[in-house]
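1. Sequence plus the predicted model coming up.
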Amino acid sequence: MKRVMIIGQPGAGKSVFARQLGQKTGLPVVHIDKIHWKSGWVERTGAEKDEMCSAVHARDSWIFEGGRSSTWAERPDRADTLIWLDTPLWLRVWRVFKRTVRYYGQSRPDLPENCPERFNWEFCAWIWNTRNTSRKLMKRTFDDAPKSKDCLQIRSKWTAHLYLKSI
């Protein structure tokens, strides 16, 4: 295991899982939110995000968690492991609520500096509105991954725990 691609919808636990996997393996962890956002919740351009993702893909080792589906065609080709955190909507919503409360007014570890956690109705609506389309995209990415890759679909916190414990 040298290059790990972790996908999942908001609140699936990608950032926490990636940090834990990074601690177990010693692999460097890359959070998509640090590519997506600049300090102060300023969004990077699509070209900047794509270029930064490609730079990560070119590295010898990484754990790359998160979206930017426009680069997903390239990422599985470089990854040797694909992990899909496929958790139910109710759990994801609960986790987003919990992290909002926990980090409210401060930047989470997976965000750039000066991006304080806040409650955002648009983000909640986006989670709801993309619950089916986003999952279909992830399923297709997972199903279409080359057979030479180690692929794991994780649907519960317990399964994630068991996987991390096995490493």
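-> Thanks, I have it. A quick note: this is a predicted structure, and the numbers were derived from the prediction, not measured.
2. Count the residues that sit near the closest residue to residue 58 other than its chain neighbours.
-> Sequence neighbours aside, residue 78 is the residue nearest to residue 58 in space, at 7.8 Å (criterion: CB to CB, 6 or more residues apart in numbering). C-beta coordinates here come from the backbone N, C-alpha and C atoms, glycine included. Counted with other CB atoms under 10 Å, the neighbours of residue 78 add up to 16.
3. What does residue 78 show for phi and psi?
-> Backbone torsions of residue 78, given as degrees, to the nearest 10, read phi -90, psi -30.
4. Now tell me what touches the one helix or strand residue 96 maps to from outside.
-> Using DSSP states H and E, residue 96 sits in helix 89-103. Helix 89-103 has contacts (CB atoms under 8 Å, 6 or more residues apart in numbering) with 9-13, 108, 116-119, 123-124, 127, 131.
5. give me that answer again for 6 Å
-> 9, 11-12, 117, 119, 131 (CB atoms under 6 Å, 6 or more residues apart in numbering).
6. Pull out the buried positions in it.
-> Burial within helix 89-103, assessed by neighbour count using 16 or more other CB atoms under 10 Å, is assigned to 92-93, 95-96, 99-100.
7. what do you get for stretch 44-56?
-> Neighbour-count burial for stretch 44-56 [16+ other CB under 10 Å]: 49-50, 52-53, 56.
8. same question, stretch 145-152
-> 145, 149, 151-152.
9. Now the element after the helix-or-strand element of the chain with minimal mean pLDDT, going C-ward?
-> Across the helices and strands of the chain, mean confidence by mean pLDDT, DSSP states H and E is lowest for helix 121-129: a mean of 84. Where DSSP H and E defines the elements, the next helix or strand beyond helix 121-129 is helix 133-143.
10. Name the surrounding residues that touch stretch 61-74.
-> Counting by CB under 6 Å, 6+ apart, 2-6, 14, 18, 21-22, 27-32, 49-50, 53, 56-57, 141 sit against stretch 61-74.
11. Would you mind checking those for buried ones?
-> If we count by 16+ other CB under 10 Å, the contacts of stretch 61-74 have these buried: 3-6, 14, 18, 21-22, 27, 29-32, 49-50, 53, 56-57, 141.
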